[in-house]
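Colleague: quick one, what's the 3D model for this:
(chains A, B, C and D)
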Number of protein chains: 4
Amino acid sequence: MADQPPQDSLLKQRLRTIIFGTDTPAGKAFDISLMVAIVASIVLISLDTIGSLSDAYGEYFIIGEWFFTILFTIEYLLRLYCSQNRLHYARSFFGVVDLLSILPSYLALIFPAANFALAIRVLRLFRVFRVLKLLRFLADGNLLLKAMMQSSRKVFVFFFSVTLIILVLSVVMYVIEGPQNGFSSIPKSMYWTIVTITTVGYGDITPQTPLGQIIASLTMLIGYSIIAIPTGILTAEISHEMVKVRDLRKCSNCGKKGHDNDAQFCNHCGSELEALASLTQP
Amino acid sequence: MADQPPQDSLLKQRLRTIIFGTDTPAGKAFDISLMVAIVASIVLISLDTIGSLSDAYGEYFIIGEWFFTILFTIEYLLRLYCSQNRLHYARSFFGVVDLLSILPSYLALIFPAANFALAIRVLRLFRVFRVLKLLRFLADGNLLLKAMMQSSRKVFVFFFSVTLIILVLSVVMYVIEGPQNGFSSIPKSMYWTIVTITTVGYGDITPQTPLGQIIASLTMLIGYSIIAIPTGILTAEISHEMVKVRDLRKCSNCGKKGHDNDAQFCNHCGSELEALASLTQP
Amino acid sequence: MADQPPQDSLLKQRLRTIIFGTDTPAGKAFDISLMVAIVASIVLISLDTIGSLSDAYGEYFIIGEWFFTILFTIEYLLRLYCSQNRLHYARSFFGVVDLLSILPSYLALIFPAANFALAIRVLRLFRVFRVLKLLRFLADGNLLLKAMMQSSRKVFVFFFSVTLIILVLSVVMYVIEGPQNGFSSIPKSMYWTIVTITTVGYGDITPQTPLGQIIASLTMLIGYSIIAIPTGILTAEISHEMVKVRDLRKCSNCGKKGHDNDAQFCNHCGSELEALASLTQP
Amino acid sequence: MADQPPQDSLLKQRLRTIIFGTDTPAGKAFDISLMVAIVASIVLISLDTIGSLSDAYGEYFIIGEWFFTILFTIEYLLRLYCSQNRLHYARSFFGVVDLLSILPSYLALIFPAANFALAIRVLRLFRVFRVLKLLRFLADGNLLLKAMMQSSRKVFVFFFSVTLIILVLSVVMYVIEGPQNGFSSIPKSMYWTIVTITTVGYGDITPQTPLGQIIASLTMLIGYSIIAIPTGILTAEISHEMVKVRDLRKCSNCGKKGHDNDAQFCNHCGSELEALASLTQP
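Modeller: So this is what the prediction gives:
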């Protein structure tokens, strides 16, 4: 195999820069057009599920689907062709997703069962996760992620406590209200508790007994109050991370730190600040 | 045309100060009366849509509508008359909105179709945006706006991730629940996902299958948790901006910064503080 | 009149200390028993509105009501008797509320119309506002109040913008959905918009048209996002106020500030800290 | 009795280390297997309440229930056997819970009434509270708890005010809407107010009169706004506690404080930092 980097043809190297790279204008343009194509294909699949539209423009939807299937097939083959380690790409998360997103259309030709096609068609949507790769451009995404990582243990303690509260309230409500008022089983009672504690409140199951309504009121007040806890945890972490990012922008002349992200000159001595290229360049 | 500033008549200059200016008492009084008139006209249009009121007092509503239409027509003509650059005003956002807010009533005379009048009548409501001009008085509005601008990239990353979650959950729920349980198409499933993830929870579409209720519970918990992220981002930014505004109030005697907005004397040396006129004057 | 302080009898002075004062043990005991009596009377009125309880124990409820009415009448007369300036008390907010909370029961004897009695009975509930007086004990209430005052202008800008968004969305939804889908008038459409934007989501009125559902989804996402703004404003203010309260606790030995509310010794030099009597004593 | 520590047999001491202790690998393994067993028994009870599953696999559920009952009985007896002070354990919160979680199954043999068994079966769920003991491992739980303790007085003031608002709104809505619109009593009206103010919004009771809808809109806006207050209080406290925890990590070389939880070297002088063993070890 010609997998040794030096032997790579110029075309292959260039394709790799465009398809896998994100630094050159061509690489960025490729990523953005791919994103547009993915979103367009999702919109197409979504609209196809609307009965009236599907009946009226069914043929156009089929043409559109095949257009995107062929487009993504070409993209997949190009990625396979120009990747430095083909097996590594094919086995990677995005390699598998890329393959699965084009497979259903071809399989639907061989197994024409409508339901089967529908069930695997959804996998195609995982294409959008490819868009997530664009997030690596954004230092802000990393800041959020770091704040979430730092607070993950505190958030776990919170969710552990919430799970316990949900379990106890579910059993209490199941015993109080019982199957005759819609709380037909403990799992269904858990569904009701989650609907209530998250303040969603569909109203498909509601307490009918006075005692049940008192417990329900308590559940709502708990749900309404404890939302403050993860917010507090994350706010404190994000605030800490943002101060750290601002402190990175140190004036090389007077040493003052803590400049705004959009500041170009030191607000203490007036000398020009270095751009936070790796952090603020989109 | 007499559009050169020096040639302007005294009346024109005076009118301009009142209508466009906001610094003189007369200018403020004009803006406030205009706001009252706009709100009154909206209340009138709104009450007119209530069937019982419309039937009983229909004539008074028509009189009231014409009163405001003529009032705003006079205002529009005065603005046109006294503006330094008429074409510039007529083409500006508020110039167009001012014209569109009076046009429907006159057009309804020529084209008496009720529905047509109703459809364009809504444009009149954009009058309220004129009230937003008063916001420039408020430094607090600018602080909020600046905090939102500073955090816009982080918020974009957040909403991008939420959109992906909504898309995936929509398709999953469409496949699990299907048209027989109200999830008649992927767009409708998206509507359900947004209703659920924002914790609104109308209950017009609810999951019926056990698996669907499990995914729905997950959706609710996601929606309930991730609200913490934009709150954290914005809180950190607002906190940072407020510290900066407080630091603007520096004591001219001892140099201490960080005084409260309502402080009149330095809490370190006791000397009088300069008023933050541009920031705190309403 | 014997309204000059020195002429006051000893009994009057003592009663005043107990009834109006809050510093002595007797004064505190009086306020707490009054609070218990107010809450008990509210519970009684509330339970009386439950049909089955009212039918079964109607007589006891009437006895209970008269017990509390006579109790609060005695309290009102005592307050009138021992206040330094009777007219001032009788005209004060709590003086009027005290009178209105006992009047309905006596009036119901003269005008026995059931509905009339019911309508004025609600005034009795304002008795609970007397409990708010106890809040002056709590420095924490003042901290919250001060933070809210400081942020009131920013919150006003926020609510002004939200009101504009609600108005525009209401008219848009009224035009799109119309009376046939439950949006029977613009005020009703406003009700729907508030139900949706606050994420309450009763589901009594829901959008039926595809375009209406798109606008509704947008409304929900707006409501879900902008909750971050007042939270951010208030958090920043509370945080600022709390730092200020902590800075009040300055070590008299080494001058270190920022001690915790429950700290008894300086964590820098070990010397005892002064108790923040006025702030932390309940 | 052989309750004096020195006389304890080696087996007893070893068992105590495993069952009550959490520091040795065996102790941790015991706690984790216990947690798994508790969760499994809850899942079993929950699934047993689903009619279709109970009909199909009823016998397996009974076997499973007895398996866990015997397992927890052995655990309870072992705890009794190896505890240093048996009476103290038997009377402690977890001692009582441990007993109550196994009793219902044995009692159901003697009193075979289905409803009775169901009502006491719920007590078994309190087993999960034993899992809470694991929380003592987590310094993060303590930080959250301390932040909540510190802010408890402010949160009390908040909830006191909210309770007053709920009471007043309940009576107002009861008088406006009345029994004919579902507000059949003041307690039911309170239930509606809590459903609305917490933004749950089931929609089982909704205002029908225009005035009721205006008050309801106000209730929603109040609920939507005041959520900011506890969030602000808790965020400020958590932020303060986190700064304190960070300040605990002081570099022994240069004295710099405020290092991140995952930092291993001082970011000022480069010398190694002491691990925050008691705080960060899970």
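
Colleague: just the angle for the strand or helix carrying A:Ile238 relative to helix D:228-248, thanks.
Modeller: Using DSSP states H and E, A:Ile238 sits in helix A:228-248. Here the directions of helix A:228-248 and helix D:228-248 differ by 50 degrees (axes from the mean of the first three to the mean of the last three Cα atoms, to 10 degrees).

Colleague: now helix A:228-248: average pLDDT?
Modeller: What helix A:228-248 shows for mean pLDDT is 83.

Colleague: show me which residues of the stretch 151-282 of chain A sit near chain B.
Modeller: Counting by Cβ under 8 Å from any Cβ of the partner chain, the residues of the stretch 151-282 of chain A close to chain B are A:155, A:187-188, A:190-191, A:194-195, A:197-204, A:223, A:227, A:230-231, A:233-235, A:237-239, A:242, A:246, A:260-262, A:282. (Each C-beta comes from the backbone N, C-alpha and C, glycine too.)

Colleague: returning to what we had before: ok now the helix holding A:Ile238, how far from the chain's centre?
Modeller: Distance, stretch centre to chain centre, for helix A:228-248: 21 Å (Cα atoms, centre = their mean, to the nearest Å).

Colleague: can you list the helices and strands that it packs against?
Modeller: If you count contacts as 3 or more Cβ pairs under 8 Å, 6 or more residues apart in numbering or on different chains; DSSP states H and E, helix A:228-248 packs onto helix A:139-150, helix A:152-177, helix B:228-248, helix D:139-150, helix D:228-248.

Colleague: list the contacts of the residue in the stretch 101-250 of chain A that chain C sits nearest to.
Modeller: Here the stretch 101-250 of chain A gets closest to chain C at one residue, A:Gly203, 5.9 Å apart by Cβ to the nearest Cβ. Contacts for A:Gly203 (Cβ atoms under 8 Å, 6 or more residues apart in numbering or on different chains) come out as B:Gly201, B:Gly203, C:Tyr202, C:Gly203, D:Gly201, D:Tyr202, D:Gly203, D:Asp204.

Colleague: go with 10 Å
Modeller: With Cβ atoms under 10 Å, 6 or more residues apart in numbering or on different chains as the criterion, the residues that contact A:Gly203 are A:195, B:201-204, B:206, C:201-204, D:195, D:200-206.

Colleague: find the nearest non-adjacent residue to it, please.
Modeller: D:Tyr202 (3.7 Å; Cβ to Cβ, 6 or more residues apart in numbering or on different chains).

Colleague: helix, strand, or coil at that neighbour?
Modeller: coil (DSSP: H, G, I helix; E, B strand; the rest coil).

Colleague: enumerate every residue touching it.
Modeller: Under the criterion of Cβ under 10 Å, 6+ apart, the neighbours of D:Tyr202 are A:195-196, A:200-207, A:216, A:220, B:201, B:203, C:200-203, D:191-192, D:195-196.

Colleague: and the gap between it and B:Val39?
Modeller: 34 Å (Cβ to Cβ, to the nearest Å).

Colleague: what's around A:Ile42, how many residues?
Modeller: By other Cβ atoms under 10 Å in any protein chain shown, 19 other residues sit near A:Ile42.

Colleague: for chain A, which segments count as helices?
Modeller: A:10-19, A:25-48, A:51-82, A:86-91, A:93-110, A:114-121, A:128-131, A:139-150, A:152-177, A:186-197, A:210-226, A:228-248, A:277-280 (DSSP state H).

Colleague: which of those sits most buried?
Modeller: Ranked by mean neighbour count under mean count of other Cβ atoms under 10 Å in any protein chain shown, the helices of chain A are led by helix A:186-197, which reaches a mean of 26.

Colleague: hmm, that helix touching chain C?
Modeller: No: counting by Cβ under 10 Å from any Cβ of the partner chain, chain C has no neighbours in helix A:186-197; the shortest distance is 11.3 Å.
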